[in-house]
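Novice: Return a 3D structure for these sequence lines:
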Amino acid sequence: MAVEPGISWLIPVRDTPDTYRAAVQSALDGCGTEDEVIVVDDGSLVPVEVPEDPRVRLFRTPPRGIVPALELGRKHARGAWIARLDSDDVALPGRIAAQRPAMADGVGAVGGRARTLPPFGPGMERYIAWLNSVEDPHRELLVEAPLIHPATTIRAAALDAVGGWQDVDAPEDYDLWLRLVDAGWRLRTVPVEVVALRDRPDRLTRTDARYRPAAIRRRKMSWLEPRLPPVVGVWGANVTGGPWIRWLRDRGVEVLAFDLRDGVRHGVRVRPREVVRELELPLLLVAVGDPDIRAEIRGLLGVWRPDLVEGRDWWAVA
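Specialist: Predicted coordinates for the structure are as follows:
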């Protein structure tokens, strides 16, 4: 339980002997007088060593996984905010100073932009480029994870309120963002690079089944399901929209589908997109994968349907 006003940096480590020292040092370099660095050695083959510094606390456990390691660190964290950092990565100078103005009442987590060292594969590079373009994480919540874990500083009280990190069939950070929003907390991000990410073949995003696209999409759908009205509009009836249309129909929801061309796809009638201007839509999902097309639709909705508020009446999904 956090009892002090400072920042608790939280770094889980397992078998990253070439990088964890730089991660720990970057957190120390970002520490203020009330801050601390918590390192959890999650069963590394070569035991982790930390600097002789009173601000650093090391906890060792058998290899149990990322969520138990984070929860152990959270249990011992004393700061009002927990700054996440992975042992592959480096916190950039000025991270906390850049994020602090966004730590307003009601905000549960504050992210920031990332850079990659060296460049990752094309999929991760596309995600980072999108992440770095996000201005409002709330409205992007069902597109991708709008905050990246090692760039995010989380209010300890908000973590406590939602039960901390949980071991589910989805990325532990994305699951947390959804639960924070469910509990009424806001997500924020700052337009500043706050972390440098290093890639390696066994990074969890590459190897852990919880990060597969199908698991992520199911978690989005489970979050949205309690909010479903009897009728839902879906703008986009191709590759991205198909799974959403089928999922909605499986739940007995009437689907009004829109796209550039009319016809019948995924078992529903697809109407020209201009029809959106005329229909009553309790909920609209914009299901397109291309961020440029998504931005175009966002602009059209601003003109055609200013009554629909993004993040309430309509969501971009992917």
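
Novice: any idea which helix or strand carries Asp88?
Specialist: Under the criterion of DSSP states H and E, Asp88 resides outside all helices and strands.

Novice: Which parts of this structure belong to which domain?
Specialist: According to automatic domain parsing, the chain is divided into the following domains: 7-216, 228-317.

Novice: Give the helix, strand or coil label for the residue nearest to Arg273 when sequence neighbours are not counted.
Specialist: Leaving aside its chain neighbours, Arg273 sits nearest to Phe258 (4.6 Å; criterion: CB to CB, 6 or more residues apart in numbering). The C-beta positions use only the backbone N, C-alpha and C, and glycine is treated the same way. Counting by DSSP: H, G, I helix; E, B strand; the rest coil, the backbone at Phe258 sits in strand.

Novice: Is Phe258 bridged to anything, and to what?
Specialist: Beta-bridge pairing for Phe258 (DSSP bridges): Trp235, Arg271.

Novice: how many other residues sit next to it?
Specialist: By other CB atoms under 10 Å, the residues close to Phe258 number 23.

Novice: Could I get the full set of helices for the stretch 101-250 of the chain?
Specialist: 122-131, 156-161, 172-182, 204-207, 213-224, 241-250 (DSSP state H, counting those that start in this stretch).

Novice: among those, which is nearest Ala114?
Specialist: The closest of the helices of the stretch 101-250 of the chain to Ala114 is helix 122-131. By CB to CB, the value is 5.5 Å.

Novice: Pull out the buried positions in the closest one.
Specialist: Residues 124, 127-128, 130-131 are the ones in helix 122-131 that count as buried (16 or more other CB atoms under 10 Å).

Novice: Export these to CSV and append columns for pLDDT and distance to Met103.
Specialist: Converted to CSV, the buried residues of helix 122-131 look like this (pLDDT from 0 to 100; distance: CB to CB, whole Å):
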residue, pLDDT, distance to Met103
Met124, 89, 28
Tyr127, 94, 25
Ile128, 95, 24
Trp130, 96, 24
Leu131, 97, 20
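
Novice: ok, now which ones touch the closest residue to Leu279 other than its chain neighbours?
Specialist: Leaving aside its chain neighbours, Leu279 sits nearest to Leu256 (6.4 Å; criterion: CB to CB, 6+ apart). By CB atoms under 8 Å, 6 or more residues apart in numbering, the residues touching Leu256 are 231-234, 271, 279, 281.

Novice: Repeat that for Val309.
Specialist: Listed by CB under 8 Å, 6+ apart, Val309 has no contact partners.

Novice: if I look at it, how far off is Trp315?
Specialist: Separation of Val309 from Trp315 (CB to CB, to the nearest Å) stands at 10 Å.

Novice: now swap in Asp292 and tell me
Specialist: For Asp292, the distance to Trp315 (CB to CB) stands at 18 Å.

Novice: Kindly report the same for Arg84.
Specialist: 26 Å.

Novice: low-confidence ranges in the stretch 101-250 of the chain?
Specialist: Low-confidence segments of the stretch 101-250 of the chain (pLDDT under 70): 201-207.

Novice: before we move on, the earlier item: looking at Asp292 and Trp315, which one has more neighbours?
Specialist: Between Asp292 and Trp315, counting by other CB under 10 Å, Trp315 is the more crowded of the two (20 against 8).

Novice: what are the bridge partners for that one, then?
Specialist: Here Trp315 sits in beta bridges with Leu285, going by DSSP bridges.

Novice: Surely it and Met221 touch.
Specialist: No - counting by CB atoms under 8 Å, Trp315 sits too far from Met221 to count as a contact (11.6 Å).

Novice: Which single strand of this structure contains the most residues?
Specialist: Counting residues, the longest strand found in the chain (DSSP state E) is strand 186-197.

Novice: Which residue of this protein lies farthest from its centroid?
Specialist: Gly263 (35.4 Å; CA atoms, centre = their mean).
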